[in-house]
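In: For reference, the sequence and a predicted model appear below.
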Amino acid sequence: MDSTAAASARAAAARPTSPSRPRTKPRGLDEETCAATPNRAPSAAAAAASPADAMDPRVWSALPDDLLVEVLARVPPFLLFRLRAVSRRWGSVLRGGDPAFLAAHAAAPSHGPCLLTFTRGAPPQCGALSLPLRARYRLPVGFLPAWDLWLVGSSGGLVCLSGFDGPIFRTVVCNPLTQAWRVLPDMHHNHQRQLVLAVDRKRCSFKVIAASDVYGDRTLPTEVYDSKEDKWSVHQMMPAANLCSSKMAFCDSRLYLETLSPLGLMMYKVDAGHWEHIPAKFPRSLLDGYLVAGARRRLFLVGRIGLYSTLQSMRIWELDHGKTLWVEVSRMPPKYFRALLRLSAERFECFGQDNLICFTSWNQGKGLLYDVDKKAWSWIAGCASQLCNTQFCFYEPRFDTSIY
């Protein structure tokens, strides 16, 4: 009996077994994936190290300063606020704008895309939805002036807002993480304008572009603010009679606007300071279109096609710069289109960054995200235009971006 059991055991040991498939982590979900891994038998090394040993204060307190800075620079920015109270040493690094930490933070990989929400009111409310962490964070804005401000946009870690201080039109640029802010000087033609913020990390500066616009019976020229010079400069008047300044995008140091006369696009080269007309005709039966800036000079047009509600569809085109025409690259699946827009005349908003396009619609409890590179659609919970005074934009949290 014993010999039979021993033979069975030897046969089982010699039997070939299939190797386990390696588990891969989806990009941007490292934190949640690690927390959701199934229970496994701990290895000898893991069993030997208890949580108390892993967070032994003697180990962390003995870390060299350069190693501590490198570790903190790779922590997601929203989580660094919790670490300020760990010790005086950590607090001095994270609170005092330590140059070594800012340099390491600038060189570390980006946190990933976030959605910034800004709700006008007294007081205004601001929050950020981290797509990699799948968590929402409140961003205090009590440090801003108590003006009637609305969101202009975000770039490179900075946020631009504009509004009225009594009868005077004001523009404010801030870093929500560091709570540093500044009020820009008045424009030469200081009226309510459509603005675009552009951060240049190589020059450690930013620009705010006020596109040409119509104010009453006057046409206002283009003005550009340069943070290095701390002043506005007046540039060329846009040669367009009928423009849609609310539908514009900044891409590769160029500002694009939709125009009806002349039909196509107007492109403003910021470095050269002049406008050019791009005769790219819009697709037929386009009901409403949004220009969306992508990465690596990619420019997208997003809009609905179709005159009747049963035949409508949402499509995405990319501008072929060489042939100056729009090429269709994707269509929203019908199930997403019907869920996003319940009524044929319902209004939607669209904005993008780095080949990510986000859709929101009135009174919808979630937003819709499209990844152009992966050609993937996904819902985003909690991103909705349920209030007419709530605005959205993409946002990249950064400590190293200065307002000066």
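Out: On my side now, so go ahead. Owing to the predicted nature of the structure, the values given are computational and were not obtained by experimental measurement.
In: alpha carbons only for contacts and neighbour counts from here, please
Out: Fine.
In: Quick one: find the helix or strand in this structure with the lowest mean pLDDT.
Out: helix 30-35 (a mean of 30; mean pLDDT, DSSP states H and E).
In: What is the three-state secondary structure of the spatially closest residue to residue 84 that is not a sequence neighbour?
Out: Closest residue in space to residue 84, ignoring its immediate chain neighbours: residue 91 at 4.3 Å, by Cα to Cα, 6 or more residues apart in numbering. Using DSSP: H, G, I helix; E, B strand; the rest coil, the structure places residue 91 in helix.
In: Tell me, how many residues neighbour residue 91?
Out: 16 (other Cα atoms under 10 Å).
In: Helices of the protein, start to end?
Out: For the chain, applying DSSP state H gives helices covering 2-14, 30-35, 44-48, 51-54, 57-61, 65-73, 80-83, 88-95, 99-107, 334-340.
In: Least reliable of these by average pLDDT, please.
Out: Mean pLDDT is lowest for helix 30-35 among the helices of the chain, at a mean of 30.
In: Strands along the stretch 301-404 of the chain, start to end?
Out: Applying DSSP state E, counting those that start in this stretch to the stretch 301-404 of the chain gives strands spanning 313-320, 325-331, 348-353, 356-361, 366-371, 376-381, 390-395.
In: Please spell out which residues along the first one are buried.
Out: Right, the one you point to is strand 313-320. 313-319 (16 or more other Cα atoms under 10 Å).
In: Next: stretch 265-275.
Out: 265-268, 270, 275.
In: Not counting its neighbours along the chain, what's nearest residue 305?
Out: Per Cα to Cα, 6+ apart, closest to residue 305 is residue 286, 4.9 Å.
In: Enumerate every residue touching the one you found.
Out: 303-306 (Cα atoms under 8 Å, 6 or more residues apart in numbering).
In: out of those, which are buried?
Out: 303-305.
In: how about low-confidence regions in the stretch 251-400 of the chain?
Out: 307-310, 343-345, 363-364, 382-388 (pLDDT under 70).
In: redo that, cut-off 90
Out: Applying pLDDT under 90 to the stretch 251-400 of the chain flags residues 251-253, 257-266, 270-277, 281-289, 295-297, 304-313, 338-350, 353-355, 360-367, 380-391.
In: swap in the stretch 51-200 of the chain?
Out: Looking at the stretch 51-200 of the chain by pLDDT under 90, you get 51-69, 71-72, 76, 78-99, 109-113, 120-124, 132-134, 166, 189-194.
In: all strands of it, in order?
Out: Counting by DSSP E, counting those that start in this stretch, the stretch 51-200 of the chain has strands at residues 114-119, 125-130, 135-138, 148-155, 158-165, 168-175, 180-183, 195-200.
In: Mind putting these into CSV with mean neighbour count?
Out: Shown next, in CSV, are the strands of the stretch 51-200 of the chain (neighbours: other Cα atoms under 10 Å):
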stretch, mean neighbour count
strand 114-119, 21
strand 125-130, 20
strand 135-138, 13
strand 148-155, 21
strand 158-165, 20
strand 168-175, 20
strand 180-183, 16
strand 195-200, 20
